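> what's the 3D shape of this:
(one chain, ligands or ions: 1)
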Amino acid sequence: MADVTDDGSSFIWGSATSSYQIEGASTLDGRGESIWDRFAATPGKIADGSDGSVACDHYHRYAEDIALMNWLGLDAYRFSIAWPRIVPDGDGAVNAAGLDFYDRLVDAVLEAGITPYPTLYHWDLPQALEDKGGWVSRATAEAFVRYTEAVVDRLGDRVRTWMTLNEPFVSADHGYRHGEHAPGRTSLPDALAAAHHLLLAHGMAVPVIRERVADAEVGIVLNFTPLTPEPSPGSGADVVDAWENRWYVEPVAGMGYPTVGVEGLQWAQDEVNDGDLEIIAAPIDVLGVNYYTCQRALEDGTIEDAQPPMTDFGWEIAPDQFRSLLERLHDRYGFARYLVTENGAAMPDKADAAGDIDDQDRIDYLDGHLAAMEAAKQAGVPVGGYFAWSLLDNFEWAAGYGKTFGLISVDFDSQQRHPKASAHWLRERIHNERGARHG
Ligand code: GCO
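Residues are numbered from 1 along each chain as shown. As a prediction, the model looks like this:
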């Protein structure tokens with residue numbers, strides 16, 4: 001049972017995953033091609049030349065993974081739904097076999113006493129939609145709504161909390177502006193259009209979910225990478241901050257796009273139709289916050305090298321920035337509730353002869369960030385839950401399988417799972433916190 005927060009609601013402990021990173025089974029049961037299948041098959045795009053065609057084989061091994069979540073004592077499982085399984089060509093016929101998989105998954109999660117927290121879009125766009133313009137095209141937002149209807153109609157009797165998008169910043173910026181993620185385009189105007197259509201997809205889906213799910217809790221998951229020092233108004237760093245940290249949350253909060261960013265990026269806003277900003281500002285119940293690191297920035301917006309301590313990704317470890325981020329978000333935007341939907345670290349995990357991984361570095365990372373979250377809660381930020389990224393080592397996008405974020409290691413030859421020291425630590429921690437709350 002979840003422990004109880006000061007306002008009487010339950011604090012949720014969970015872990016997070018995403019479809020393309022763990023499911024595998026990329027051609028099974030009618031699943032269509034996604035932009036990540038195409039991108040990973042393009043030479044030079046993925047560090048180790050790998051792809052997500054098998055990944056953790058969660059598609060077949062979800063029961064074992066749910067048992068591990070149960071052992072960890074988790075209340076909730078955050079996963080994403082693969083659009084190409086549900087609508088293989090993005091906008092045509094619904095594939096019943098794809099829905100069946102998530103139906104089985106949700107039932108198994110619930111049977112284990114765990115609450116499902118699905119995200120509708122975690123970057124795996126059907127390739128057929130990309131071929132017609134992808135997120136640069138408004139039609140993709142409209143197709144997203146039809147896909148949402150199909151999913152919610154099937155699962156909405158058992159799933160109450162729905163997240164629309166995961167990190168639209170990364171979709172638009174890495175996918176369309178800088179090209180290190182699928183679909184690998186490198187155009188700022190495309191990225192600006194993609195960002196707008198992602199937000200529009202979110203805003204159009206919110207009322208559709210509410211209509212179909214009784215007592216729905218709806219939100220969006222955004223990532224934040226605070227700049228340090230805090231940028232001064234109108235500086236180059238302020239433009240970077242607007243694009244990276246304010247571009248999504250402010251329109252969702254009803255504030256429109258940050259002017260300093262619109263001007264700094266010289267966005268003509270041709271894609272923005274009358275009424276779009278009202279659609280995007282559909283009230284949400286919960287903001288999902290993903291936090292990993294901060295960035296050191298010069299006044300002109302140049303990003304400087306990170307400083308130690310760092311993770312295996314070279315990301316600076318800065319839990320104090322996590323605390324101030326949560327407080328700043330609540331001060332500025334005042335959402336009713338926040339969930340930490342991702343937080344965790346890639347570490348250079350070394351297994352001993354017995355296969356054990358003593359990842360004290362990850363434990364320290366998690367411990368520091370949980371303390372920061374706790375401090376933000378004490379300061380009045382209504383944080384309702386924490387989802388560790390990630391349950392399993394998995395396909396880490398352009399980094400392939402070389403960067404590991406899991407609480408549980410995966411031997412990708414045998415598919416054997418093995419809890420790391422951090423998994424044992426988190427299990428203990430959850431157990432103790434519950435004990436303390438219940439006296
Ligand atoms: C994210 C991503 C994850 C990544 C993680 C580490 O939402 O950023 O959800 O897919 O694996 O962030 O890079």
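> going forward, measure contacts and count neighbours with C-alpha atoms only.
Noted.
> Excluding chain neighbours, give the residue nearest to residue 50 in space.
Sequence neighbours aside, residue 400 is the residue nearest to residue 50 in space, at 5.8 Å (criterion: C-alpha to C-alpha, 6 or more residues apart in numbering).
> how about that neighbour, what does it touch?
By C-alpha atoms under 8 Å, 6 or more residues apart in numbering, the contact list for residue 400 reads 46-51.
> Now with 7 Å, please.
Neighbour list for residue 400: 46-48, 50-51 [criterion: C-alpha atoms under 7 Å, 6 or more residues apart in numbering].
> Now the phi/psi pair for the closest residue to the ligand within the stretch 1-150 of the chain, please.
At 6.3 Å from the ligand, residue 18 is the closest residue in the stretch 1-150 of the chain, using C-alpha to the nearest ligand atom. With angles defined as degrees, to the nearest 10, residue 18 shows backbone torsions of phi -140, psi 150.
> Verify the stated contact: it with residue 122.
Yes. Counting by C-alpha atoms under 7 Å, residue 122 is a contact partner of residue 18 at 6.4 Å.
> Mutual contacts of these two, please.
Among the neighbours of residue 18, those also in contact with residue 122 (C-alpha under 7 Å, 6+ apart) are residue 80.
> Can you tell me which of the contacts of residue 400 has the most neighbours?
Highest neighbour count within the contacts of residue 400, by other C-alpha atoms under 10 Å: residue 51, with 25 neighbours.
> Show me the beta-bridge partners of residue 411.
Residue 411 has these beta-bridge partners by DSSP bridges: residue 416.
> Could you measure from it over to residue 57?
Using C-alpha to C-alpha, to the nearest Å, residue 411 is found at 11 Å from residue 57.
> ditto for residue 39
Residue 39 is 20 Å from residue 57, where distance means C-alpha to C-alpha.
> Then residue 375?
Taking C-alpha to C-alpha as the measure, residue 375 falls 38 Å from residue 57.
> Now this structure against the ligand: closest residue?
Counting by C-alpha to the nearest ligand atom, the chain gets nearest the ligand through residue 396, at 5.1 Å.
> neighbours around that residue, how many?
Residue 396 has 22 neighbouring residues, counting by other C-alpha under 10 Å.
> cool, residue 263 as well?
By other C-alpha under 10 Å, 12 other residues sit near residue 263.
> element containing it, please.
With elements delineated by DSSP states H and E, residue 263 resides in helix 259-264, which encompasses its position.
> can I get the CA coordinates of the helix or strand encompassing residue 427 in CSV?
When secondary structure is defined using DSSP H and E, the element that contains residue 427 is helix 421-437. Taking Å, rounded to 0.1, in the frame of the first residue of the first chain, the C-alpha atoms of helix 421-437 are listed here in CSV:
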residue,chain,number,x,y,z
ALA,A,421,22.7,-3.1,-5.2
SER,A,422,20.6,0.0,-6.0
ALA,A,423,17.5,-2.2,-6.4
HIS,A,424,18.1,-3.7,-3.0
TRP,A,425,18.7,-0.3,-1.6
LEU,A,426,15.5,1.2,-3.1
ARG,A,427,13.5,-1.7,-1.9
GLU,A,428,14.7,-1.2,1.6
ARG,A,429,14.1,2.5,1.4
ILE,A,430,10.5,2.2,0.2
HIS,A,431,9.9,-0.4,2.9
ASN,A,432,11.3,1.8,5.6
GLU,A,433,9.5,4.9,4.5
ARG,A,434,6.2,3.1,4.6
GLY,A,435,7.0,1.8,8.0
ALA,A,436,7.8,5.2,9.3
ARG,A,437,4.7,6.8,7.9
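> Tell me which residues are up against it.
Residues outside helix 421-437 that contact it (C-alpha under 7 Å, 6+ apart): 3-4, 72-73, 357-359, 362-363, 407-408.
> ok, of the residues you listed, which come out buried?
Neighbour counting by 16 or more other C-alpha atoms under 10 Å classes 3, 72-73, 357-359, 362-363, 407-408 among the contacts of helix 421-437 as buried.
> Mind putting those residues into JSON lines with secondary structure?
Rendered in JSON lines, the data for the buried ones among the contacts of helix 421-437 read as follows (DSSP: H, G, I helix; E, B strand; the rest coil):
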{"residue": "3", "secondary structure": "strand"}
{"residue": "72", "secondary structure": "helix"}
{"residue": "73", "secondary structure": "coil"}
{"residue": "357", "secondary structure": "strand"}
{"residue": "358", "secondary structure": "coil"}
{"residue": "359", "secondary structure": "coil"}
{"residue": "362", "secondary structure": "helix"}
{"residue": "363", "secondary structure": "helix"}
{"residue": "407", "secondary structure": "coil"}
{"residue": "408", "secondary structure": "strand"}
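> quick check, nearest of those residues to residue 317?
residue 362 (10.6 Å; C-alpha to C-alpha).
> Go ahead and confirm that closest one touches residue 345.
Yes. Look at residue 362 against residue 345 with C-alpha under 7 Å: they come within range, at 6.3 Å.
> which residues does the spatially most central residue of the chain bridge with?
Residue closest to the average C-alpha location in the chain (C-alpha atoms, centre = their mean): residue 166, at 4.1 Å. Counting by DSSP bridges, residue 166 forms beta bridges with residue 221.
> Let me know the pLDDT of it.
In this model, residue 166 is scored at 99, pLDDT.
> quick one: contacts for it?
Residues near residue 166 by C-alpha under 7 Å, 6+ apart: 119, 121-122, 220-222.
> do you know how far it is from residue 19?
Residue 166 sits 12 Å away from residue 19, taking C-alpha to C-alpha as the criterion.
> Could you do residue 111 as well?
Relative to residue 19, residue 111 is positioned 21 Å away (criterion: C-alpha to C-alpha).
> out of the two, which sits in the busier spot?
Summary of the neighbour comparison: residue 111 and residue 19, criterion other C-alpha under 10 Å, with residue 19 having more neighbours (22 against 11).
> need the contact list for the more buried one.
Residues near residue 19 by C-alpha under 7 Å, 6+ apart: 79-82.
> what do you get if the cut-off is 8 Å, keeping everything else the same?
With contacts defined as C-alpha under 8 Å, 6+ apart, residue 19 is in contact with 79-82, 122, 124.
> Which pLDDT value belongs to it?
The score at residue 19 is 99. That number is its pLDDT.
> what do you get for residue 438?
63.
> try residue 236
pLDDT, the model's per-residue confidence, is 98 for residue 236.
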